[in-house]
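Peer 1: Give me a 3D structure for the following:
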Amino acid sequence: MDHPVVHPVFNWIWASPCQPKHKVFFWLLLKDRLSTRNILRRKHMAIDSYNCVLCSHSIEETSEHLFLSCYFAKQCSLLGIDTSDNSRFPEIASSFKVKLQSKFFMVTVIIMCWSIWTVRNDFIFNGVQPSVQNCRRKFFSELRLVQHRVKQSLQKSFELWILSLSSDF
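Peer 2: Numbering: from 1, shown residues only. Predicted coordinates:
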């Protein structure tokens, strides 16, 4: 049998100290199986609008739009990394690895996407108005939970890394 070539980002996900819910979420995102509004349209689900609820540009909510090109997502991101409009998530994760130069780059990417997703869902399902501050609060809250899962030998560097991120906040 032939061994399929798998992008390294899939290995990085499972090797990260993130919680299983974060890993599965991001795996679904990479496989384009996250229930964004364009996926709901493809499944013939009727909803009021298929546009992104986080921005006012009347753009259909795709994974790439929601997490990369949406104005709200760009404001929330602490990464300060621009991506091209035609980039795909595996390639973007690779570029984050190069640009961030941190062994915790995958945690950053996964948790930032998770935070944006939960803010979006809070708005859709609970009517909580999305805000950049709320998204960043969720980001740091989730990071502190992940901190308990980091190997003992990396605890100090993870803590310093969180402090360096929060100083930008």
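Peer 1: after the lowest-mean-pLDDT helix or strand in the chain, next one along is what?
Peer 2: Among the secondary structure pieces of the chain, namely its helices and strands, helix 89-100 has the lowest mean (mean pLDDT, DSSP states H and E), a mean of 75. Once helix 89-100 ends, the next helix or strand along the chain (criterion: DSSP states H and E) is helix 105-126.
Peer 1: That following helix versus helix 89-100: what angle between them?
Peer 2: 120 degrees (axes from the mean of the first three to the mean of the last three Cα atoms, to 10 degrees).
Peer 1: distance of residue 29 from residue 4?
Peer 2: Distance check for residue 29 against residue 4: by Cβ to Cβ, to the nearest Å, it reads 20 Å. Heads up, the C-betas are built off the backbone N, CA and C, glycines and all.
Peer 1: For those two, work out which one has more neighbours and name it.
Peer 2: Higher neighbour count among residue 29 and residue 4: residue 29, with 21 against 5, using other Cβ atoms under 10 Å.
Peer 1: Now for the nearest residue to that one once chain neighbours are set aside: which residues touch it?
Peer 2: Across the structure, with Cβ to Cβ, 6 or more residues apart in numbering as the measure, the residue nearest residue 29 apart from its sequence neighbours is residue 63 (5.8 Å). Neighbour list for residue 63: 29, 32, 34, 36, 89 [criterion: Cβ atoms under 8 Å, 6 or more residues apart in numbering].
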